[in-house]
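*Asks:* Sequence plus predicted model, see below.
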Amino acid sequence: MNRLERLIDEARREVEDNTFAAVRAWKEEEPGRACVGFFPVYVPAELIWAAGALPVAVWGGGDRIEVEMADARVQSFICSISRSTLELGLLGHLDFLDGMLFGSLCDVARNLSGVWARNFPDTFVDYLHYPQNLRSEAARGYYREDLERLGAALGGITGRTPGAAELAAAIDLYEEQRALLRRLAAVRTEEPWRLGLEEQQVLVRAAGRRDPRRHNEVLREVLELLPEREVRHKDGVRVVLEGSFCEQPALELLRTLDQAHCFVVASDLARGLCWFKEPLRRSDDPWSDLVEAYFVHAEGSVVRHFSPSERTERLLARVRDSRADGVFFCTAKFCEPAFYDFVLHKRALDAAGIPYLAVEFEEKMSSFESIRTQAETFAESILFFADEEATA
Amino acid sequence: MYGAGIDVGSTQTKCVVLDGNGEIVGRGLRMTGADVVKASEQVLEQACAEAGIETHEIVYTIGTGYGRFRVATGDDQVTEISCHAKGAVHLFPGTRTILDIGGQDTKAIKTNARGEVVDFCMNDKCAAGTGRFLAAAAEVMGLDVSEIGPVALKSTEELKITNVCTVFVESEILNQLSRGRKREDILAGVHRSIAGRSASLLRRVGVEEELTFTGGVARNPGMVAAVERRMKMKVNASEDSQFMGALGAALFALERAMAGVRRKEQEVQG
Amino acid sequence: MNFVAGIDVGSRMTKAVLLAAEEDGGILGRGKVYTHFDLNGAAERALEAALAEADVARDRVDYIAATGYGRYQVGARDIQITEITCHARGAVELIPDLVTLLDVGAQNARAIRLLPNGRVVSFRMNDKCASGAGRFIERVAGALEVDLGQVGPLAMTATEPCPISSICAVLAESEVINHVTNGETIPDILQGTHESIVDRLASLVRQVNLEPPFGLTGGVANNRALVHALEQRLEMPVRLHRDSEYAGALGAALLGRRRRRQLRTASAVA
Amino acid sequence: MNSPYQHQGSGQKIQKQLLTDWYRHLEQAPERGEKVAYLFISGNIGELLQACGFHLVYPEVNALQCGIKKVAGPNILAAEDIGYSGDVCGYVKNDIGLMLSGNRMPHGTTLPKPDLLVCNYAGCATYLRWFEALAEFYGAEMVVIDVPYLRGTEGPTAEEVRYVERQLRELVAVCERVAGREFDPAAYRQAIDRTVRSEDLWVQILESARHRPSPIDAYFEAVFFMAPIYTMRGTQGCLDYYQAVAKEVEERIQAGMGPVAEEKVRIVMEGPPAWPHFRKFWEMFKKWGAVTVASTYSKVGGIWDLGFRHDPDRPFESMAEYMLGCYTNRNWAMRSQLIRGYLEDYGADALVIHSVKSCRSFSVGQADLREQFIREFEVPTLFIESDLADPRYFAEAQMKNRIDAFFEALEHRRLTAGV
Ligand SMILES: Nc1ncnc2c1ncn2[C@@H]1O[C@H](COP(=O)(O)OP(=O)(O)O)[C@@H](O)[C@H]1O
Ligand SMILES: Nc1ncnc2c1ncn2[C@@H]1O[C@H](COP(=O)(O)OP(=O)(O)O)[C@@H](O)[C@H]1O
Ligand code: SF4
Ligand code: SF4
Ligand code: SF4
């Protein structure tokens, strides 16, 4: 294994570890610091960091957990991530967390905040309401007050209520990380065979649980090593992956897509960690910068209400910008928000004549035969007939 | 005086006849098939024959199971949930939690010392995780349902069965076989997968010692072992597990008979 | 003369067809065998049957395209292609001008929108639950003890179809038995079953923007009553072909033949 | 033993007339050049929109009526045909299906298109997605009133109330533009005044269930009683209706009559009803002499029995408080508290939780409620699953089995406890 592969592998092992050993070790090494978990999709990580805590993405147990206790708490028609996340908690894997945050995303995530408070009465649990009336003049003010409230509450855990200076520094750090992650995504867009989708996502997911200072170093090194990697140019179709913004597909599924010659060149995977398309506009008031991040820079997502046409236009733009041949809707089973989006997106793609494919996944699935077949078909439908139609 | 309980299940119909002391004196079992009425009559005859009595000697009959309203000779009906609890506590007085896996559904029942239902949960709408699931696996392997448990117990290697759909699992099994996986390992995987589903159902009602396993699937030693392993506790099961519902019904019948609720006599008297 | 074979290893049946390698002609031989668990063996047997029908020796086949869920298990394959691509390609060969295609096999149903050359534009498949596929009917037929071949003809004689509410292919069995005891006739129940499947198939096919001409392939196309119910529900004629069961194998053979020619030309040039 | 009440009271007739007039008026609105706004029941702001000159359409009511009139099935399929998943809220699919088939209600009215979509977002994220879709399909303007989900157990904070109030005031300007008419503050105030009086009567009706036997079924009947206060609150017709019902309830109390012949079990219900199989569903409980004495679903449009009233002197602010306090906008702990209170105040014997697949807003957390009530509070609790809109998710035999088993056990335990 060379250096690059070692870096990726280390990240892989950490993100696949449901006991969060590396995070626990970090906490040991950083006396006086806390760990605050968050459920998808988005929370302002910089606020948590500024309060002296490590933001830890608690995004389900993936295919490495056998859900048993939580099955009894969350009905079978609810998405797996809600269940496996609860299971992680009930198993005690999250006992190192000093707090857990939920944000307004969907009814499941919202109600889960209350379920969490009941089941873990000793943990600090908070719920962040993201304004949905973007036209209201009161919305920014409300959100800002809420962020300040949360900052103070986090300060209550760590003893460090974040002030403007800490917050600005934290935003710098996360801006740097987001810029690096954007560069990594660009590698996929330009030369998808250079970096596997699974490899890229492992590095993204690691950002959800690593000390940002350390992970930024790793990302920088990966980006340096990548151009030298020996790779073979492969034939395939280019797709935009859509619908996995919250529950994350198993890494094996991501590998399957590459094997089926479906190259994901842009995606909303782990949306909360890659929510801003461009650098944030900065001012001398970091609180306001965080507010603007949400109001101005957020990519189309269900966390925030967009007019339907605006959201579809953003998808079409992603297809255009990444020069994709089609769209791959990869939706978590029972994920209502994604299903609603799908109908509107489908209309727009039909109108634009862009091919798409819709599949559903579940965290715990371990057979990818059907997805492979569908992805292969999708690739075949474009590749097999390319020459025939070119000559026709 | 005799009391009878007839449990018309989705797959099999069972009958138990009790004498005045509450001892089981006769049992009847057959496939439910298309003619529910006939099935219930036949199991009753079978049980009476074993007991060496005539059907008219039975004072009171209670029907249970999904076909309980079709028991022609039934004086009354009680749901199988109540009956399983009653039967299980009768056979294993320490029972507080019951896992009942039948042909088409799985139930977790919580009971008190008197055999009264305190809480219950069941799966439905989908045959995943039920006796049918096992039956389908057995069929693909060309085995009888009574054979798969013992085979699964010989497994040496953990193998995960991912399909939950009873229909799809058939082809998954074929697939595993064609990859050269061993029969016992595949079957053990099937058993584990059902034990896992049962476990979450049990967690829903909360598990308290002792756990009694009832329903036809409890006759499968592989399943008993899988549940024990999964729940990390000892499980009560017996040859009569499949008759638990019928037994409970018969106990209710006897109680009613004792209470003097006698249909036939009432009818005669006007 | 050399030949190209297409082999479709389905979950239930494995089908093979034989085409002349150099000429553009149609099917010369067909083979159909049960898949069971030896997928490669099934492929060989189906191929042998096709060779026998065409009276061709095995060594004259110099290109094999495999499709179906067992495509990766066909040892002798030169290429594997998914069943969706193949069904679409085969279907336009059998039923020209096709715009929308529904392929219903034992476990899966796939709705496909295609171009005149057989290219897939979009498709949807049910892949979690067997509720909308052939096995559903098989199970109901099994419960009613009706021969699969008789299902269609019997259902055609229904007077008052009786609705089946269960979505589950497995649980539908007991619902059906229930209906029988309620005095519903077998044709009415069968027709009810067809209508409930057709509901699910219709919504699947509408998801790919159904437009005529519309065709049906897969083993279920043999079932007249289902075809009829589908026509009623979709309010458009359903086009069939007597070889539609072989559409997947044919598509594989056709795509295989093209690929073989491409390779020959390439090596001739080189 | 008394004979059960025969649901032929004057209240029902009035309601029928009210609805007939309402729909006739609505259907003709476009001809008269009047504007139509769509909005949701939970936290609805009917008085305000009417004072801006809008006619109102509640898509949830469309869905509910299609469900009860048994046309939900085809509507849902029509929506699934255009790509809606089998796993999303049946109310949404029902309404979209209705729209696709020409917006003709089962009773014959053709609903006018919306000129304005007011997503009075209160406690359900699906609302947003629902109106986003309607905005796309109708090309109508959409406004969101953002209502923050309640935290803690104290009720809304001053900031939250201020935020919502501010948005309501901003909405007035949008309404004036779309309706082409000026907002009438006096009319608004008067409507709120009538609202308060209706609210008093409504609470009086609900609380009549404290009597033994209860004169009403606070779930199966209340879901019909609640229609006017959720759709036409603030109108004179609404007020008249509750006066009539209150009178009727009083008569029932005098006569000692209730919804079943003999009240044997008093239950509290959590979760929406199974509309497509409403009668059957009710029968399964009646059979056991079970009467609902309090329910959470009858509070989806607003909770007044805890003391809240609109306030004509603070029409905007109190409206904001009302929106924030809706049942689905309450967190788990508040919901649990409410149910516990009902069990105690109404002398109930058991809790029944109906978990519906469509509505995550209701369903997520119900299993914890169940656990808490059984284990911590030792209240006999029945948990059943089906749906409020999709007839496919109602498995009659299984449902009956569970309900029977539950009441069997309850009855049996009582018998043995009595010994
Ligand atoms: N001897 C046996 N060994 C293992 N499994 C058995 C045996 N007998 C019956 N079963 C299983 O029990 C199931 C029937 O269980 P039962 O409780 O009678 O169900 P139901 O009441 O729904 O008909 C069958 O599906 C079968 O798989
Ligand atoms: N004569 C027939 N009448 C009715 N159904 C039939 C008939 N022949 C085959 N079928 C149906 O076709 C299905 C098999 O279709 P097929 O396309 O071969 O499936 P697969 O490719 O999945 O093996 C069976 O489930 C059966 O229900
Ligand atoms: S997966 Fe979908 S439904 Fe589940 S919590 Fe995430 S956004 Fe909500
Ligand atoms: S998944 Fe399989 S077992 Fe479950 S409902 Fe569907 S057909 Fe039945
Ligand atoms: S999810 Fe529930 S509250 Fe929301 S629209 Fe559907 S039924 Fe109504």
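*Replies:* Perfect, I can see it now. Ligands and ions are numbered 1, 2, ... in the order given.
*Asks:* C:Arg264 and ligand 1, how far apart?
*Replies:* Taking Cβ to the nearest ligand atom, to the nearest Å as the criterion, C:Arg264 is separated from ligand 1 by 55 Å. For the C-beta atoms, the positions are set from N, CA and C on the backbone; glycine is no exception.
*Asks:* Tell me the spacing between that residue and B:Thr166.
*Replies:* Distance, C:Arg264 to B:Thr166, by Cβ to Cβ, to the nearest Å: 47 Å.
*Asks:* so where do the strands sit in the stretch 151-270 of chain B?
*Replies:* Taking DSSP state E, counting those that start in this stretch to define them, one finds strands in the stretch 151-270 of chain B at B:211-214, B:235-236.
*Asks:* The longest one - contacts with which helices or strands?
*Replies:* Counting by 3 or more Cβ pairs under 8 Å, 6 or more residues apart in numbering or on different chains; DSSP states H and E, the packing neighbours recorded for strand B:211-214 are helix B:80-91, strand B:97-101, helix B:221-231, strand B:235-236, helix B:244-258.
*Asks:* Would you mind listing what in chain B touches ligand 1?
*Replies:* Counting by Cβ under 6 Å from any ligand atom, the positions of chain B adjacent to ligand 1 are B:9-12, B:65, B:102-104, B:131-132, B:134-135, B:145-146, B:149, B:215-217, B:219-220, B:242.
*Asks:* Among these, the buried ones, what's the ChimeraX command?
*Replies:* Here is the ChimeraX selection string for the buried members of the residues of chain B next to ligand 1, based on 16 or more other Cβ atoms under 10 Å in any protein chain shown:
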select /B:9,10,11,12,65,102,103,104,131,132,134,135,145,149,215,216,217,219,220,242
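*Asks:* and of the helices and strands packed on strand B:211-214, who's closest to D:Cys238?
*Replies:* Nearest to D:Cys238, of all these, is helix B:80-91, at 44.3 Å by Cβ to Cβ.
*Asks:* That closest one vs chain D: in contact?
*Replies:* Yes - in terms of Cβ under 8 Å from any Cβ of the partner chain, part of helix B:80-91 sits within range of chain D, namely B:80-82.
*Asks:* Pipe the residues you listed into JSON lines and attach pLDDT per row.
*Replies:* JSON lines is the format used below for those (pLDDT from 0 to 100):
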{"residue": "B:Glu80", "pLDDT": "88"}
{"residue": "B:Ile81", "pLDDT": "90"}
{"residue": "B:Ser82", "pLDDT": "91"}
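*Asks:* Out of the residues you listed, give me the one that has the most neighbours.
*Replies:* Highest neighbour count within the residues of helix B:80-91 next to chain D: B:Glu80, with 32 neighbours (other Cβ atoms under 10 Å in any protein chain shown).
*Asks:* Enumerate every residue touching that one.
*Replies:* With contacts taken as Cβ atoms under 8 Å, 6 or more residues apart in numbering or on different chains, B:Glu80 has the following neighbours: B:7, B:9, B:64-66, B:68, B:100, B:107, B:245, B:248, D:401, D:405.
*Asks:* Could you list which of those belong to helices?
*Replies:* When helices are assigned by DSSP state H, the members of the contacts of B:Glu80 inside them are B:245, B:248, D:401, D:405.
*Asks:* Show the pLDDT at A:Ala386.
*Replies:* With respect to pLDDT, A:Ala386 has a value of 65.
*Asks:* go on, A:Leu90?
*Replies:* Among the per-residue scores, A:Leu90 shows a pLDDT of 94.
*Asks:* That one is in contact with A:Val115, isn't it?
*Replies:* No - under the criterion of Cβ atoms under 8 Å, A:Leu90 is not in contact with A:Val115, lying 10.8 Å apart.
*Asks:* Neighbour count: those two, which is higher?
*Replies:* When A:Leu90 and A:Val115 are compared on other Cβ under 10 Å, the one with more neighbours turns out to be A:Val115, at 26 against 18.
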